[in-house]
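Novice: Pasting the sequence and the predicted model now:
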Amino acid sequence: MALACRLTTPELRERERWLVTSLGPATEAIEAVPGGYAVTFRGDGEVIARVAELIGLERICCPFLQFDLRIPPDEGAILLTLTGPEGTIEFLDATLIGALRSPGTS
């Protein structure tokens, strides 16, 4: 399976804007894991819905990504792990993770 996004450049820019405005403020931490990243988000219901939407969209345009979502009880922080084949970390740095990084995230 090729390691490439199926979106056009304008579609990628729009997705990046959506990530920054919709999920950026809810991002609590970003940690490198083998083959990808683990991203911790605030655990309220609205954020869960946005993360689920992100997963649905990314499964279509980036079919090489593996998504693991952990949602603990009592509105605890949720954990989304994105992994894939060799080159995934670099791809995510240039796309999703690059858009989510902001002051205050690691």
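Specialist: Done, it's in.
Novice: Quick one: the helices in this structure, in order.
Specialist: 9-18, 45-61, 88-94, 96-100 (DSSP state H).
Novice: out of those helices, which comes closest to T27?
Specialist: helix 96-100 (5.0 Å; C-beta to C-beta). Heads up, the C-betas are built off the backbone N, CA and C, glycines and all.
Novice: residues near F41, how many?
Specialist: Residues contacting F41 under the criterion other C-beta atoms under 10 Å number 23.
Novice: Pick the most deeply packed of the helices of the chain.
Specialist: Mean neighbour counts were compared across the helices of the chain using mean count of other C-beta atoms under 10 Å; the top stretch is helix 96-100, at a mean of 20.
Novice: Would you check how far apart G87 and L80 are?
Specialist: From G87 across to L80, the span is 20 Å (C-beta to C-beta, to the nearest Å).
Novice: Repeat that for G43.
Specialist: Taking C-beta to C-beta, one finds G43 at 11 Å from L80.
Novice: distance between the ends of stretch 73-81?
Specialist: 18 Å (C-alpha to C-alpha, to the nearest Å).
Novice: Likewise for stretch 67-76?
Specialist: Chord length of stretch 67-76, first to last residue, is 19 Å (C-alpha to C-alpha).
Novice: Helix or strand, whichever it is, which one in the chain has the lowest mean pLDDT?
Specialist: helix 9-18 (a mean of 70; mean pLDDT, DSSP states H and E).
Novice: For D44, see how far away the residue in the chain sticking out farthest from the centre is.
Specialist: Within the chain, D74 marks the point farthest from the mean C-alpha position, 22.3 Å out by C-alpha atoms, centre = their mean. The gap separating D74 from D44 is 11 Å, by C-beta to C-beta.
Novice: List the contacts of the residue farthest from the centre of the chain.
Specialist: Listed by C-beta atoms under 8 Å, 6 or more residues apart in numbering, the contact set of D74 is empty.
Novice: quick one: average confidence on stretch 29-49?
Specialist: Averaged across stretch 29-49, pLDDT comes to 95.
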